[in-house]
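Coordinates for the following, if possible.
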Amino acid sequence: NMCSGRVEVYRNSSWGTVCANGWDSNAANVVCRVLNCGTALSVTQNTTYGEGTGDIWLEDVRCDGSEMSLDQCTANPQVGNSCKHNEDIGVTCSGPLPVRLMNGSNICSGRVEIYRNSIWGTVCDDGWDVKAAEVVCRVLNCGTALSEQAGTYY
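Predicted coordinates:
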């Protein structure tokens, strides 16, 4: 499914894999969050999802788990010969999630949308409060709600 597989990143106009060296659940959670796929259920450091081909773009990826994207984590982009494709990292996430935030300044802010009957739609703000925003933030692994906006803010 779209929420599990070998992790690949796009760089220099091509896709490449990520080496398992240094990878942990914090990095996996960042990948799951970016894909709107919840949290990481498992990390595989072998060929569970098949060996990649071509370049290996990153190794020694270190995240604290709060990053909004993998490029905000520290990593060694100069892999060279220290990693082979049998060390490609794979992740299984809990999602996909039926909720997303759109038109915000980052992936943890924006207009709330819900996926229902095969389409994305907005949520009416009648009765919406910070408690409802807290649920959305928790589901999206975005920490606590700093504020909630009603109307057409986004």
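
Give the residue spans of the chain that score low on pLDDT.
79, 154 (pLDDT under 70).

Do a quick rundown of the strands in it.
For the chain, strands defined by DSSP state E occupy the ranges 4-6, 8-11, 14-18, 40-44, 56-62, 74-76, 90-93, 99-103, 110-116, 119-122.

Run me through the strand neighbours of the fifth one, direction for each.
Spelled out, that is strand 56-62. strand 14-18 (parallel), strand 74-76 (antiparallel) (DSSP bridges).

how about a markdown table for these, with distance to N36 and mean neighbour count added?
(C-beta placed from N, C-alpha, C; glycine too.) Below are these laid out as a markdown table (distance: least, Cβ to Cβ, whole Å; neighbours: other Cβ atoms under 10 Å):
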| stretch | distance to N36 | mean neighbour count |
| --- | --- | --- |
| strand 14-18 | 19 | 20 |
| strand 74-76 | 22 | 16 |
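
Minimum distance to N26: which of these has it?
Closest to N26 of these is strand 74-76 (Cβ to Cβ; 11.4 Å).

if we look at the closest one, which residues are touching it?
Residues from elsewhere that reach strand 74-76 (Cβ atoms under 8 Å, 6 or more residues apart in numbering): G22, L58, E59, D60, V61, R62.

For those, give me CSV that also has neighbour count and distance to V99.
CSV is the format used below for the contacts of strand 74-76 (neighbours: other Cβ atoms under 10 Å; distance: Cβ to Cβ, whole Å):
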residue, neighbour count, distance to V99
G22, 18, 31
L58, 28, 29
E59, 22, 33
D60, 16, 33
V61, 25, 27
R62, 13, 29
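
Let's have these in JSON lines, adding distance to P96.
Formatted as JSON lines, these follow (distance: Cβ to Cβ, whole Å):
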{"residue": "G22", "distance to P96": "27"}
{"residue": "L58", "distance to P96": "24"}
{"residue": "E59", "distance to P96": "28"}
{"residue": "D60", "distance to P96": "29"}
{"residue": "V61", "distance to P96": "23"}
{"residue": "R62", "distance to P96": "26"}
